[in-house]
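Visitor: Here you go, sequence then predicted model.
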Amino acid sequence: MAKRPDNRGPAFCPSSAVPAPIAPLRIAAYTVTSAAGVGKAALGAALRDSRSALTANDFGPTPLPTWIGRVAGLEAASLPKPLSAWECRNNRLAWLGLSGDAFIDAVHGARERHGAARVAVVLGTSTSSIGATEDAYRHLDADGAFPADNCNPRVHTPHSLASFVQEALDLAGPSVTVSTACSSSAKVFATAERMIRLGLVDAAVVGGVDTLCGSVLFGFNALQLVSTDPCRPFDAERSGISIGEAAGFALLERADEGDASLFLLGYGESSDAHHMSTPHPDGLGAERALDDALARAGIDAGAVDHINLHGTASAKNDEVEAALVARRFPATTHASSTKGVTGHTLGAAGIVEAAASLLAIELGLRPGTVNTRVLDAACGPQVRIAAGHAPVRVALSNSFGFGGNNCVLVFGDANAGEAR
Amino acid sequence: MSDGKRGGTLFIDGIAFWAPTLPGWATARPALRGEALPLATPAKRPAPEILAPAERRRAPDTVALALEVAAAAVRESGLDAATLPSIFTSAHGDLAVNDYMCSTLANEPTLISPTKFHNSVHNAAAGYWTIATGCHEASTALSAFDASFGAGLLEASMQCQADARPVLLVAVDVAATGALASVTDSTGLLACAVVLSPKRSARTVATFDWSLIGALARATPIRSPAARSLAGNAMAGALPFFEAIALAEPAKDADPVSLLLTPSLSLVLVARAIAPPAAAAAAALAS
C-alpha cells in the first residue's frame, strides 16, 4: 500500500485533541426495513427471538453460493407516479423504508414546525443505484448506449439516494449523500449534528439505503470475504460475511428540556491509515473513534450497557473488534453483532444498527449474536451469543468501513444523563 | 427561514488546482483572472509522490488527482497532513472503475478484480490519502450531483467551524468512460483542494464569509475563458469559487459567490485576499 512519508512537516495543532461534549439530539422518529421485514417492530421481533432472516442467495442471473439478507417484495414494489423517474431497486427500497412507522408523517410535522429549507437530508450508501447501472450494461442499445427505459442521469450516480428522498419528502434544506463504504450511514449522524449545532437547520433526516447488486456480491467474493454459509460473527470457525440490503431513517432535532425520548449522545469518526480493505491490526482507528464518541457523549466506557458490534464475521474485523471490546469495557457490558439477523447491509449498516441500538433501549432488549455457536477465544465476557432482557440506558453502535473509515455512535434514553 | 443567516468567517491557508491545461494554482490563478490563457499542450496526469512508486501510475485517476491537489494544498498551508480531518467530494467517483465493474459484471462477473472492487468505493481517495499521510483523523466522501462542490465546501466549513480546527477539502471529477458516457455528463479531469482554518495564520492567502441563503437560488456563472474550457467536468461547480479566490483583493469584499446546494438553497461566500506578510511588507516599502 501507500508509503508513509518520514517527514510530515511541522506539527501545528494537536493531532489527537479530545472533542468537547455535544448537546444531545432528540431522535424524534426512526424506522428500519431489512430482511427481517418492514418497520422497527419486525426487526425488534427478530432480535427478541434471535431469528436469522438470511436466505440462500437467489439474486441475479448467476447467483454465487452464499447467503443473503434480501428484502421481500422489492421487485413488485414500485414508486408513486410523480416519483417514477427515480425508479431503481435502491430507491424502491428507500420508499418502502420510508413507509414504516409513520416516518413520513413525522418528517412532515418537522417541515411544518421548521420550514422545508430548515430540514436537511443526509443519507449514506455505499453503492446507491449502481444496480440500475449494472442492469443498463446488460441491456445496452445498438449504439452501446444505455437503454431508453433506464437512462436518467440522476439515477446513475451516488447522490441518487438523497436526491430521491429529498424530493419524496418534499424538503428543501441541504441534501448530501455520504459514501464511505460500511460507515456511511453512521457518519450521517455526525454531519447532521454539526448542521444543527451551527444553526444551519433545525432538523435532519438521516439514514441510509443499500441494495443487493452484482458489484458487492461479486466484489466481496473476489476479496474472498463472502461465506458460503450464513455468517457467524465472532465464531471461532467464522468463514466470512453474508451481504444484506436495508433502508433506515431517523429524524433528528434539538432536545428540549424534560424531553422523555431517545437521544444521540455522541459520535466519533476516525481513519485507520492502514489498508484499503483490512482493518488496523491493533484496532487503532476503531479505538480512536470510540474515544471520541465517549468524549462527545461525556461518558466513560463503564456507562455503556450494550454495544451493537460491527461484527461482520470476517476473520480480521472480528478479531480486532473483539480485542478492542475486551480491553476497554467491563464484563457487564453486553456486546453482540446483529449481522446474523440482517446480513451485512454495507452502506446501510450504520442506520440499521443504530435502529437496533435504539430498539435495545426502547425494549430493554440486549440482542444476541445469531448463528454463532462457539465464540472466538479473542472474545472477552462482553460478547454474548444469547439475547437477554435488561434495561439499556446507553447503547453504542460500531461501524467500520473500507478505506479504514470508522464511526462509533452513542445513543441513550432520558436516564442516560445519570451516566454522564 | 434563515435567509442571510451567517455561517461564519474562515481562512484559506492552502489552495491547489489541477486540470490538464491548468496544472497547478500558479498557472490556474492568472488564467482564472482572465490574464493568461490555459496551456496549449495539456499536462500528463499527475503521479503523486506521496504514493508508493508502484502505485503512482496504476492508481485510478480520481485517486491520483485527489492526492496531487491534497498534497499541494497541505504543503502550502505548512500544516501536518496527519492532523487534518479531510472531506473528499466527487459527483460521480471514479467513472472508469465503475465502467470496468459494470462491464465485467455484464460479461464475466466472477472475474472482478479485488483491487478494482476496493478502488470502486467512493471513499477510495480518502482511504489512500489517510494511509499515505498516516492520518487517523476523520475523513469523509460526499456526493451531491452537480452541487457536489458546494456540499463539500459546506461540510468542510461546518467541520472547521464546529470543531475549531483546520480541515482539508478535496474535490475531483473525471471524464465519463464507455457506456456510462451515454448518461453521465462529465469530460476531462478537474481537481482542486483547499485547507480551511478557523483563524488567520502567516500562511493565510484568503478569507471568506459563508452563509446559507434560501431565496437567492441563482448560481454564480463562470467568467473566464479558462474556466469555461473546463465547464464540461462534473466538478465545474467549483470554478466560480476558485475564480473568486483568484480575483479577490485585500481589504475589499469580492462579489458574492452563490453555489447552489438545491434548487432553492445556496451556499453564499464573500471572499477577500490576504497578502502574505512578505508581500505586504514589500507593498508598504513601495508606497
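Guide: Thanks, I have the structure now. All figures in this text were calculated on a predicted structure; none of them were measured in a lab. Numbering: from 1, shown residues only, chains lettered A, B, ... in the order given.

Visitor: In contact with the most centrally placed residue in chain A, which residues?
Guide: Closest to where the C-alpha atoms of chain A average out (C-alpha atoms, centre = their mean) is A:Gly350, at 1.3 Å. A:Gly350 makes contacts with A:124, A:182-189, A:208, A:397, A:399, A:407, A:409, as judged by C-beta atoms under 8 Å, 6 or more residues apart in numbering or on different chains. No exception for glycine: its C-beta is placed from N, CA and C like everyone else's.

Visitor: okay, now residue 199: neighbour count?
Guide: Went with chain A since none was named. Neighbour count of A:Gly199, defined by other C-beta atoms under 10 Å in any protein chain shown: 14.

Visitor: That was the other one, I meant chain B.
Guide: Neighbour tally, B:Lys199, other C-beta under 10 Å: 12.

Visitor: How about the one 5 residues further on?
Guide: A count of nearby residues for B:Thr204, using other C-beta under 10 Å, gives 21.

Visitor: what helix or strand is it on?
Guide: If you go by DSSP states H and E, B:Thr204 is not part of any helix or strand.

Visitor: so how far is B:Leu261 from it?
Guide: From B:Thr204 across to B:Leu261, the span is 26 Å (C-beta to C-beta, to the nearest Å).

Visitor: Name the nearest residue to whichever residue of the stretch 51-200 of chain B sits closest to chain A, ignoring sequence neighbours.
Guide: Using C-beta to the nearest C-beta, B:Gly127 is the residue of the stretch 51-200 of chain B that sits closest to chain A, at 2.6 Å. Using C-beta to C-beta, 6 or more residues apart in numbering or on different chains and skipping residues adjacent in sequence, the residue nearest B:Gly127 is A:Gly403, 2.6 Å away.

Visitor: B:Ser120 is in contact with that neighbour, correct?
Guide: No. Counting by C-beta atoms under 8 Å, A:Gly403 stays clear of B:Ser120, with 11.3 Å between them.

Visitor: out of those two, which sits in the more crowded spot?
Guide: A:Gly403 (32 against 26).

Visitor: Can you verify the more buried one is assigned to a strand?
Guide: No. Going by DSSP: H, G, I helix; E, B strand; the rest coil, the assignment for A:Gly403 is helix, not a strand.

Visitor: do you know how far it is from B:Thr140?
Guide: To B:Thr140, A:Gly403 is 10 Å away according to C-beta to C-beta.

Visitor: where in chain A is pLDDT low?
Guide: A:1-16, A:257-260, A:417-420 (pLDDT under 70).

Visitor: which is the next helix or strand following whichever helix or strand B:Gly7 is part of?
Guide: Per DSSP H and E, B:Gly7 falls inside strand B:5-19. Next helix or strand after strand B:5-19 toward the C-terminus (DSSP H and E): strand B:22-23.

Visitor: Put the alpha carbons of stretch A:56-67 into PDB.
Guide: The C-alpha atoms that make up stretch A:56-67 are tabulated as PDB, following Å, rounded to 0.1, in the frame of the first residue of the first chain:
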ATOM      1  CA  ALA A  56     -29.800 -18.900   0.200                       C
ATOM      2  CA  ASN A  57     -28.600 -16.500  -2.500                       C
ATOM      3  CA  ASP A  58     -31.000 -16.300  -5.400                       C
ATOM      4  CA  PHE A  59     -30.100 -12.800  -6.500                       C
ATOM      5  CA  GLY A  60     -29.200 -12.000 -10.100                       C
ATOM      6  CA  PRO A  61     -28.700 -14.200 -13.200                       C
ATOM      7  CA  THR A  62     -25.800 -16.200 -11.800                       C
ATOM      8  CA  PRO A  63     -26.000 -16.400  -8.000                       C
ATOM      9  CA  LEU A  64     -22.900 -17.200  -6.100                       C
ATOM     10  CA  PRO A  65     -23.200 -19.900  -3.400                       C
ATOM     11  CA  THR A  66     -23.700 -17.700  -0.400                       C
ATOM     12  CA  TRP A  67     -26.500 -16.400   1.900                       C
END
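
Visitor: Which residues belonging to it are considered buried?
Guide: Using 16 or more other C-beta atoms under 10 Å in any protein chain shown as the test for burial, stretch A:56-67 gives A:57, A:59-60, A:64, A:66-67.

Visitor: Next: stretch A:249-265.
Guide: Per 16+ other C-beta under 10 Å, stretch A:249-265 contains these buried residues: A:249-253, A:255, A:262-265.

Visitor: Does A:Ala355 touch A:Val32 like I think?
Guide: Yes. The pair A:Ala355 / A:Val32 is scored as a contact, 3.8 Å apart, by C-beta under 8 Å.

Visitor: More neighbours: the two, which one.
Guide: Between A:Ala355 and A:Val32, counted using other C-beta under 10 Å, the more crowded position is A:Val32 (34 against 30).

Visitor: just so I have it, where are all the strands in the stretch 101-250 of chain A?
Guide: A:119-124, A:175-178, A:203-210, A:243-244, A:246-254 (DSSP state E, counting those that start in this stretch).

Visitor: actually chain B, not the one I wrote
Guide: Secondary structure of chain B (DSSP state E): strands at B:5-19, B:22-23, B:86-89, B:139-143, B:167-173, B:190-197, B:206-213, B:257-262, B:265-273.

Visitor: So which of the ones you listed is nearest A:Ala387?
Guide: strand B:139-143 (33.8 Å; C-beta to C-beta).

Visitor: Could you check the angle the closest one makes with strand A:119-124?
Guide: 110 degrees (axes from the mean of the first three to the mean of the last three C-alpha atoms, to 10 degrees).

Visitor: orientation of strand B:139-143 relative to strand B:167-173 in degrees?
Guide: 40 degrees.

Visitor: re earlier: which neighbours do A:Ala355 and A:Val32 have in common?
Guide: A:40, A:43, A:248.

Visitor: ok so, going back, which of the buried residues of stretch A:249-265 lies closest to A:Ala387?
Guide: A:Leu262 (20.1 Å).

Visitor: Tell me what the nearest residue to that closest one once chain neighbours are set aside is bridged to.
Guide: Among residues not flanking A:Leu262 along the chain, A:Ile27 sits closest, at 4.2 Å (C-beta to C-beta, 6+ apart). Here A:Ile27 sits in beta bridges with A:Leu252, A:Leu262, as judged by DSSP bridges.

Visitor: how about the helices in chain B?
Guide: For chain B, the helices defined by DSSP state H occupy B:25-32, B:53-58, B:61-77, B:95-107, B:114-119, B:124-133, B:148-162, B:225-228, B:239-247, B:277-286.

Visitor: Given the helix or strand hosting A:Val408, what are its sheet partners and their directions?
Guide: Using DSSP H and E, A:Val408 maps to strand A:405-413. Here strand A:405-413 has these sheet partners by DSSP bridges: strand A:262-271 (antiparallel), strand A:394-401 (antiparallel).

Visitor: what's near enough to touch B:Asp99?
Guide: With C-beta under 8 Å, 6+ apart, B:Asp99 has these contacts: B:177-180.
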